[in-house]
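Enquirer: Okay, structure incoming, though there's no sequence with it:
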């Protein structure tokens, strides 16, 4: 019964989400069409590529066509799963994106989980003794983290853990020389993941802890908790078992909202750590005026963000039926 | 050819090793080891005819061969000093209008097929076809054709005798395999699978390319020119410049090129990182647009030679070089890097003389206003300076030039744009002034005439971006390029450079001495101005100093 | 607010001090931030009487550049926040009180805006319009940062429209627009004010991020983010070139965060919603 309702509740937002992604694609096409710059001229100085050769490639790639034709062509091909050929990557866009997406999902996924775990843990510590010194210090720490731009956190972590202590690799997603497989490869990749994931996780945690703390406190005022307290349930158990559940719903909604921030943060973090994901790919595409590839980056990123939002929203409704009656 | 002396190592020789790193033929001859090279970007395409990036060049020059390589003295006149490579010998015709190259019969493509004379002919036709769009095609203009006498003899036919015919025939082209590329239409080479999985004849063979992560090469152990000493070379991409430096500091990379002074300071205290300076063939300058926005009309400001000179006089190039490069650069004396400039002490460019600059500006009617800034007829003396956004050297130069000219009452608006926009604007000549940097050939004959000769001044595809045109300069430069011996050529080039220095279509700013950083366990071979990587196949790592990653062999 | 009550007076004092420095700095420290000193002796020089915080790699006075950076970064933040507040509040209120189709249209725009990472959107915008001067960059930042605020204001306003006093007002025959103006706006000002202070903080950090990736203000304008990216190459040899502007950013943003908290108690600050 409830499952059926959830499916129906999911269908409409999903449809809306698809529409949103389509609009994002059109707007990006327009903006990229406006952007000056010759994609075949991406080396800073005279690349000497003969003018006629450039003109021919431009024609081949359809770069000279008017905007409506470009938009039409992009959608016509995209509908068949063809995202075009990337000049800067030297391969089909779909292939380039397929190579980069797993890296970003790995980084973002770990950061999201780690960030939420950290954030909720911090909030629980704070909520046990509101207005105590603990609460104040932990809260102050979270606030300071929130105020730090991610690239400063990243630079600090690299200085400390890679250059001073030499514990963890400074960049990349794997050792360049690695050829091994199995467990060795696995630990090696894990070591590379730690610093970038931690950077993003700290940012997510700072945010989540604040929200979660408020949610816990509000849940603490709910009548059913007051009743439990009256029954003599210990305060700690009260917090984890009862209030925790009620406070989870808004936090899951926050997960949906955290996705765009995470995607934006990943842009910078991937750059600093030379992480071969969607962020560095998007940067490269834009810096080299490779419109096909840029679109190939923006559209999937938007799809992930929108999709995540829809899912989080649905989960929220499912967990907290009160919201189902509210207009969104 | 490197001699393959098998390990005759004694304990004594081994202890000498640490101090004898300059001698690569010493005790370290045992092949093996892995070098990780930190690069700022992926290669573009691994088709030698098409690649335009530094990383692309570094990779294709390991995989592919020229007919003959430049010697250590970088001589480009005649064939003196050239080392045999794919061609084991060559003979000039009596009239010097053709050269027959005899190929090394042992040379094989990495797929096992022999390299033949028809590959050479195929390569020339490929470079020359305008459908290919090879960036260096214009430099092959003196070669009429290449014919095949037999499977191991290719003959180059020239239009006219020049001092650098041999150089033209051997330097610009890396030989491509016909059996793999013959069927690919020349305008779709860029998209062909070969561009990502190349097969060459060089001392390294291609293993793998993981986009934006690394390109892996391995020693071609049966190569006709001797196996590359290193087992593996890995070009590891670090999209962020600081990430490459960090990789060196954390010992995750073995080689980093283009080390800047502030990074040098970071490496200074490290005994495990060696920094090796070498002369390079790139230099930078402030270039004026002499025409108005790509038209034939003179530029409202820089059409005036006196104004250009006045601005040049205002720039203290020596202190700029010291501020930005410390001791790692010099001020060029003409439109070429110092390595190939005539060694004539009387050749100088415009001096730095602020008082004279002010005097000339005053005399031109640009009077200072109450705020100290100059104007003429109500129009302020202001121009835009176009620079590519992420290039730090030029950002700093722009900053210093802006401040220096402000003191002379001149307003400089810095426009920093992304590289593709920069190139587009420069190609269309849509700029007032720009900071430009070129990597030249090891001879003035090609690059200088392309960049400053009037032939390329106003044509759409011409490489003369400033629009500078002076028949006197053209005449002297042409005779210099045709001079029969190096001394005559040098004297003529000196004359040509005096003319262009006086006209000041550009102010020569810096000629950086490159610095390569390597982990101390590596023993680099000689670093050539044409590219630090030119002799990479001769680099070694002494057996006693190898790390675990050096011992992984048979990369795949 | 839900977070522990960080004392907000010091935070307010910090903000006031930063703004004071921005406004009065050039009078107090009369050194041209763009003047290149003697290149032979003053490059990345340590502190001295003439240059209390030393000089940068181009022999420019660091104190003067920090002060100039405060001016630009503050102006930048204020301009971006103002644009965010006006558009966000306007669209949010409009959506709340208008017919369903207007509401839906507005919220669709918000959905689209939220779906694209803001930093990416800004880079695409600077690409499309060539390089933006810092003023326009601030405006661009404002116009890409209002989506979350619009959603928030609309939700608040909708709750109020359904609330007792609006029903009462309507029962007394007041027209919709008057209800909106008279009753809604005073009741959402707290939300808007808090969000505006946050938008200010985001603009300051976002400017730093843009400068960091080389998309900042034009040369030679000093901004805090620009100072960090200029000094980054010397992080090992002259760390103060990075540390001082970084501290300036963090302290300012922190203060703004605390103040925003206080402005609307119970409303947790957040930088979700595509704030970055």
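Expert: The structure has been received and is ready for your questions. As the structure is a computational prediction, the values presented were derived from the model and not from experiment.

Enquirer: Low-confidence ranges, chain B, go.
Expert: B:1-29, B:461, B:552-556 (pLDDT under 70).

Enquirer: can you do 50?
Expert: In the predicted model, chain B carries pLDDT under 50 at residues B:1-28, B:554-556.

Enquirer: now what about the longest helix seen in chain B, what contacts it?
Expert: Looking only at chain B and at elements set by DSSP state H, the helix with the highest residue count is helix B:486-503. For helix B:486-503, contacts defined as CB atoms under 8 Å, 6 or more residues apart in numbering or on different chains pick out B:75, B:77, B:163, B:305, B:308, B:333-336, B:341-344, B:346-350, B:444, B:448, B:452, B:468, B:470, B:472-473, B:476-477, B:479-481, B:483. C-beta: built from backbone N, CA, C; applies to glycine.

Enquirer: do that again at 7 Å, thanks
Expert: Applying CB atoms under 7 Å, 6 or more residues apart in numbering or on different chains, the set of residues contacting helix B:486-503 from outside is B:77, B:163, B:305, B:334-335, B:342, B:344, B:347, B:349-350, B:444, B:452, B:468, B:470, B:472-473, B:476-477, B:479-480, B:483.

Enquirer: Give me the subset of these lying in helices.
Expert: Members of the contacts of helix B:486-503 lying in helices (criterion: DSSP H): B:305, B:444, B:452, B:472-473, B:476-477, B:479-480.

Enquirer: Could you point out which of those is nearest to chain A?
Expert: Looking at these and their distance to chain A, the nearest is residue B:452, at 13.2 Å (CB to the nearest CB).

Enquirer: Now that closest one. Nearest residue, chain neighbours left out?
Expert: If you skip the residues right next to it in sequence, residue B:452 has residue B:468 as its closest partner in space, 5.3 Å away by CB to CB, 6 or more residues apart in numbering or on different chains.

Enquirer: residue contacts, that neighbour?
Expert: Contact criterion CB under 7 Å, 6+ apart gives B:290, B:452, B:457, B:503, B:505 as the residues in contact with residue B:468.

Enquirer: quick one: which two of the residues you listed are the most distant?
Expert: Of all pairs drawn from these, the widest gap by CB to CB lies between B:457 and B:503 and measures 12.7 Å.

Enquirer: Settle it for me: which of the two has more neighbours?
Expert: Each of residue B:457 and residue B:503 had its neighbours counted (other CB atoms under 10 Å in any protein chain shown), and the higher figure belongs to residue B:457 (22 against 18).

Enquirer: Quick one, which of the contacts of helix B:486-503 are buried?
Expert: When neighbours are counted using 16 or more other CB atoms under 10 Å in any protein chain shown, the contacts of helix B:486-503 contain these buried positions: B:77, B:163, B:334-335, B:342, B:344, B:347, B:349-350, B:444, B:452, B:468, B:470, B:473, B:476-477, B:480, B:483.

Enquirer: Give the other helices and strands that the host helix or strand of residue C:16 contacts.
Expert: Applying DSSP states H and E as the criterion places residue C:16 in helix C:8-28. Packing partners of helix C:8-28 (3 or more CB pairs under 7 Å, 6 or more residues apart in numbering or on different chains; DSSP states H and E): helix C:62-97, helix C:240-263.

Enquirer: want to throw those helices into CSV with mean pLDDT and mean neighbour count?
Expert: Putting those into CSV (pLDDT from 0 to 100; neighbours: other CB atoms under 10 Å in any protein chain shown) gives the following:
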stretch, mean pLDDT, mean neighbour count
helix C:62-97, 90, 23
helix C:240-263, 87, 22
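
Enquirer: Reformat those as CSV; add distance to chain B.
Expert: Converted to CSV, the helices and strands packed on helix C:8-28 look like this (distance: least, CB to the nearest CB, whole Å):
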stretch, distance to chain B
helix C:62-97, 12
helix C:240-263, 10
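
Enquirer: who wins for proximity to residue B:213 among the ones you listed?
Expert: Comparing these by their distance to residue B:213 (CB to CB), the top pick is helix C:240-263, with 28.5 Å.

Enquirer: how much does that closest one deviate in direction from helix C:8-28?
Expert: Here helix C:240-263 points in a direction 130 degrees away from that of helix C:8-28 (axes from the mean of the first three to the mean of the last three CA atoms, to 10 degrees).

Enquirer: Test my guess that residue B:147 contacts residue B:153.
Expert: No: Residue B:147 sits out of contact with residue B:153 when judged by CB atoms under 7 Å, with a separation of 9.3 Å.

Enquirer: re the thing from before, okay, the residue nearest to residue B:452 and residue B:508: tell me how far apart.
Expert: Using CB to CB, to the nearest Å, we find residue B:468 at a distance of 13 Å from residue B:508.

Enquirer: do residue C:140 as well
Expert: Relative to residue B:508, and taking CB to CB, residue C:140 is found at 39 Å.
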